[in-house]
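Engineer: I need the structure of the sequence given here:
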Amino acid sequence: MNVAYKIVELPFTHPFTISKASKTHQPTFLVELDYFGIKAYGEAPAISYYHIPVEKMAEDFEAKKTFLEKFSFSDPERYWHYLHHLFPNNSFLVAALDIAGWDLYGKLKKKPLYKLWNLDLEQSPITDFTIGIDSIPMMIQKMKEKPWPIYKIKVGFENDIETLSILRQHTDAIFRVDANEGWDLETALKKLPTLKELGVQFVEQPLAKNNWEDMKVLYEHACLPIIADESCVSEIDVEKCHHFFHGINIKLTKCGGITPARRMIEKARSLEMKVMVGCMNESSIGSAAIAHLAPLLDYLDMDGPLLLEEDTATGIAFEEGKLIYPEGNGLGVTVNHLF
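Structural biologist: As a prediction, the model looks like this:
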C-alpha cells in the first residue's frame, strides 16, 4: 500500500460564521491510498475548536507512514481497528483514512458503498442548506441565492429570534436551528416556544456540551426535539445522550469515520433516538461518505460542497435538497488532480 496526503485550503462562497468562530477558508486534509494501482480517497476538515489542525494530521501521518504502508488490507473494519490503535488521539486522521479504506473496499468489490450495505437510496432524506451568522440582508441574500426546502440556520447571537422572524417572512421552508452551545438554560426555555411558532423542526446543541444537569431540565420541558452535536463526539457518547437529547448528530470526522458512525447509528436506533449525520464543511470526497449513509438517517446535513467555492472531486449533485448519487464504485466520486 502506498499512502499520500495533501493539504488544501478551500474558500467559502461567503464567510462562514457560527457562535464560536468565523472563517473564509476550510483547511482540509486529504489522503490517497494506492493499492496495486487502485486509488482511494478520504477527507478530514480541520475545525479549530477541536484542536486537531491539518498540521497535526500531517505530523502524525508522517510519523506512522511506514506502518500504514505495511498494513495488509483486507476489509475496512479491520483497517479501522488498526488505525484506531495507531492514532489513538487523532480521530480526524483516522476518519480520513477510514473513509479511504471504505472507498478502496468498494472499488475492490466493484460496488458503491450503499450497495455493499444493501441500502435503498429512495430512503435518503433531503439535505438542508446552512445559513451562517451574518447581517440580516446577507442572510436573506443567501436564501435567495439558494432556494431550498430546508434551511439550517446558525443562532446563538444577540437578537437571533428577531432575525429568524424576519427570515421567515422570505420563505416557507422548514427551519432547523443550531446554537453551537450558544445559550444557557433560561435563554433556551424562553426561546423554544417562539421557535416552534416560527416553524422550526428541531434545535441543535443549545447548551454547553458538558452541561448535563441543565440539559436534563431542557429535555424534559422542551416543546421541540433537541439534537446533540458537541455533546456527541464518539461512540461512548451515544448512550450518555439518551434521556438528555431526543437525537444525535454524528460527524464522521469527530467520531473517526464511517466504521464507528455505522455503529453509532445502530446504537441510537436501539435507544429509539433520532439520527442525523452532519457535515463539517467537507468537500465532495467527505460528503460522498455521508451520502452513502443517508438511507439510514432521519435528518441529513450534507451541504459542504454547496458552501464551498472550490471542490476536490466531482460526482455528488443536488436537486433542491435531494441527493444525486455518483455512479462509480466505493465513494463514487472522481477526484480532481490533487495528488
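Engineer: switch to C-alpha atoms for all contacts and neighbour counts from now on
Structural biologist: Fine.
Engineer: pull out the buried residues from the lengthiest strand in the chain.
Structural biologist: Criterion DSSP state E: the longest strand present in the chain is strand 2-17. For strand 2-17, the neighbour count (16 or more other C-alpha atoms under 10 Å) marks 3-5, 7-8, 10-12, 14, 16-17 as buried.
Engineer: swap in stretch 135-144?
Structural biologist: For stretch 135-144, a neighbour-count test (16+ other C-alpha under 10 Å) marks 139-140, 142-143 as buried.
Engineer: pLDDT added to those, as TSV?
Structural biologist: What follows is these, written out as TSV (pLDDT from 0 to 100):
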residue	pLDDT
M139	97
I140	98
K142	97
M143	97
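Engineer: which one among those residues gets closest to E69?
Structural biologist: Distances from E69 to the buried residues of stretch 135-144, taken as C-alpha to C-alpha, are shortest for K142 (44.5 Å).
Engineer: so what's the residue count around the closest residue in space to that closest one that isn't next to it in sequence?
Structural biologist: Distance criterion C-alpha to C-alpha, 6 or more residues apart in numbering; nearest residue to K142, sequence neighbours excluded, is I131 at 7.0 Å. As a burial measure, I131 scores 23 neighbours (other C-alpha atoms under 10 Å).
Engineer: the buried residues of stretch 135-144: which two are farthest apart?
Structural biologist: Using C-alpha to C-alpha, the two most remote members of the buried residues of stretch 135-144 are M139 and M143, lying 6.5 Å apart.
Engineer: and for those two, which residues touch both?
Structural biologist: Listed as contacting both M139 and M143 by C-alpha atoms under 8 Å, 6 or more residues apart in numbering are I131.
Engineer: tell me the pLDDT at the residue nearest to V94 when sequence neighbours are not counted?
Structural biologist: Among residues not flanking V94 along the chain, G256 sits closest, at 5.3 Å (C-alpha to C-alpha, 6+ apart). On the pLDDT scale, G256 is placed at 98.
Engineer: dump the residue contacts of P295.
Structural biologist: Counted by C-alpha under 8 Å, 6+ apart, P295 has contacts 119-125.
Engineer: circling back: which residues does the longest strand of the chain contact?
Structural biologist: With C-alpha under 8 Å, 6+ apart as the test, strand 2-17 has contacts from 22-35, 54, 58, 65, 68-69, 132-134, 307-311, 338-339.
Engineer: taking those residues one by one, which sit in helices?
Structural biologist: With DSSP state H as the criterion, helices contain 54, 58, 65, 68-69, 307 from among the contacts of strand 2-17.
Engineer: against E186, how distant is the most centrally placed residue in the chain?
Structural biologist: Centroid-nearest residue in the chain: C279, 2.1 Å away (criterion: C-alpha atoms, centre = their mean). Plainly put, C279 is 29 Å away from E186 if you go by C-alpha to C-alpha, to the nearest Å.
Engineer: would you map the helices across the stretch 151-300 of the chain?
Structural biologist: All helices of the stretch 151-300 of the chain, identified by DSSP state H, counting those that start in this stretch, fall at 160-168, 185-197, 212-221, 236-241, 252-255, 258-270, 284-293.
Engineer: P137 versus L331, what's the distance?
Structural biologist: Distance of L331 to P137, computed by C-alpha to C-alpha: 38 Å.
Engineer: next: P45.
Structural biologist: Taken as C-alpha to C-alpha, the span from P45 to P137 is 29 Å.
Engineer: what do you get for H243?
Structural biologist: 39 Å.
Engineer: give the rounded mean pLDDT of stretch 231-247.
Structural biologist: 98.
Engineer: buried residues, that stretch. List them.
Structural biologist: Using 16+ other C-alpha under 10 Å as the test for burial, stretch 231-247 gives 231-235, 237-239, 241-242, 244-247.
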